[in-house]
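> got a structure for you, letters missing:
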Ligand code: SF4
Ligand code: SF4
């Protein structure tokens, strides 16, 4: 999932200050799971803004809405059926960067600002703890590395390791961190698959990480007309 954190309140306050009608829009998927931008966090932020601006003598109307996914156009269009977005002079989108951008595309006459900082693609390790696991490199090698990502978990992003610096299973860059390649070795050994670590992986296909990337599912290609614009 996408892991994000809320921007510091002072930064959000600065953005909304001076506006009369503010809409805060949450996203019900990844950022709700990581307790950054779901319905509850929208409500907390809205209350904070109302109280703080009131204490500053500013009169502001702060409304709240949360859609299932801000990275999906249909949910944003649905929002427009319930809320007149153009009525607001400022929208704070509590989605990841993709959601904020799609919101700004769909409501391109509205002033939209991010309420979150998007941090990484990761996993939940336990309540309130998330760790990065993937950099969306577009050329996944997990099948060769016992399901441990060397691009993300190795400080040098080595596709063939370990480097000469590994010591007692720790990384030379940060002795607090496990060496990703030591982990890969251990897991392959436990599976009786050590022969695999002798295989040299080819250089990563960095071209697959071209920006901005576009992916069209084969089954949907036929539906697109030649002149349809994707981005
Ligand atoms: S190899 Fe690339 S796609 Fe696979 S987990 Fe690592 S960063 Fe993600
Ligand atoms: S010690 Fe291990 S994790 Fe650290 S840079 Fe070397 S191979 Fe990568």
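That came in fine, so what should we check first? Keep in mind the model is a prediction, meaning the values are calculated, not measured. Residues are numbered from 1 along each chain as shown. Ligands and ions are numbered 1, 2, ... in the order given.
> Tell me what residue 131 is bridged to.
residue 123 (DSSP bridges).
> how near is it to ligand 1?
13 Å (Cβ to the nearest ligand atom, to the nearest Å). C-beta here means a position set from N, CA and C on the backbone, and glycine is covered the same way.
> wait, what's in contact with that residue?
Residues near residue 131 by Cβ atoms under 8 Å, 6 or more residues apart in numbering: 122-123, 125.
> near ligand 2, which residues of this structure show up?
154-156, 158, 161-163, 165-166, 171-173, 179-181 (Cβ under 6 Å from any ligand atom).
> quick revisit: please check the contacts of residue 131 and keep the buried ones.
Neighbour counting by 16 or more other Cβ atoms under 10 Å classes residue 122 among the contacts of residue 131 as buried.
> Same list, the contacts of residue 131, but as CSV with pLDDT please.
Below are the contacts of residue 131 laid out as CSV (pLDDT from 0 to 100):
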residue, pLDDT
122, 97
123, 97
125, 96
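> For the residues of the chain next to ligand 2, which ChimeraX command selects only the ones that are buried?
To isolate the buried ones among these in ChimeraX, judged by 16+ other Cβ under 10 Å, type:
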select :154,161,162,166,171,179,180,181
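> all helices of this structure, in order?
9-16, 30-33, 39-55, 73-82, 97-106, 150-153, 180-190, 218-221 (DSSP state H).
> What parts of the chain come near ligand 1?
134-137, 140-142, 149, 151-152.
> Select only the buried ones of those in PyMOL?
Those of the residues of the chain next to ligand 1 that count as buried under 16+ other Cβ under 10 Å are selected in PyMOL with:
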select buried, resi 137+149+151+152
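> Show me what residue 66 is bridged to.
Taking DSSP bridges as the rule, residue 66 bridges to residue 26.
> now the residues of the chain next to ligand 1 as TSV including pLDDT?
Below are the residues of the chain next to ligand 1 laid out as TSV (pLDDT from 0 to 100):
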residue	pLDDT
134	98
135	95
136	94
137	94
140	96
141	96
142	97
149	98
151	97
152	98
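> closest to residue 63 among the residues of the chain next to ligand 1?
residue 136 (33.8 Å; Cβ to Cβ).
> Now do the contacts for that closest one.
Counting by Cβ under 8 Å, 6+ apart, residue 136 touches 121, 209.
> what about this structure, any weak spots by pLDDT?
225-231 (pLDDT under 70).
> Quick check: which of the helices of the chain is buried the most?
helix 30-33 (a mean of 22; mean count of other Cβ atoms under 10 Å).
> which strands and helices sit next to that helix?
On a contact count with 3 or more Cβ pairs under 8 Å, 6 or more residues apart in numbering; DSSP states H and E, helix 30-33 meets strand 2-6, helix 39-55.
> Who are the packing partners of the last one?
Here helix 39-55 is seen to pack against helix 9-16, strand 21-27, helix 30-33, strand 61-67, strand 90-94 when contacts are counted using 3+ Cβ pairs under 8 Å, 6+ apart.
> Tell me what angle the fourth one forms with helix 97-106.
Here strand 61-67 runs at 110 degrees with respect to helix 97-106, directions being taken by axes from the mean of the first three to the mean of the last three Cα atoms, to 10 degrees.
> what comes up buried for strand 61-67?
For strand 61-67, a neighbour-count test (16+ other Cβ under 10 Å) marks 62, 64, 66-67 as buried.
> can you check the second one too?
Within strand 21-27, the residues that qualify as buried by neighbour count (16+ other Cβ under 10 Å) are 22-27.
> elements contacting it?
So strand 21-27, by 3+ Cβ pairs under 8 Å, 6+ apart, packs with helix 39-55, strand 61-67, strand 90-94.
> quick one on the thing from earlier: show me the residues of the chain next to ligand 1 that map onto strands.
Among the residues of the chain next to ligand 1, DSSP state E puts residue 134 in strands.
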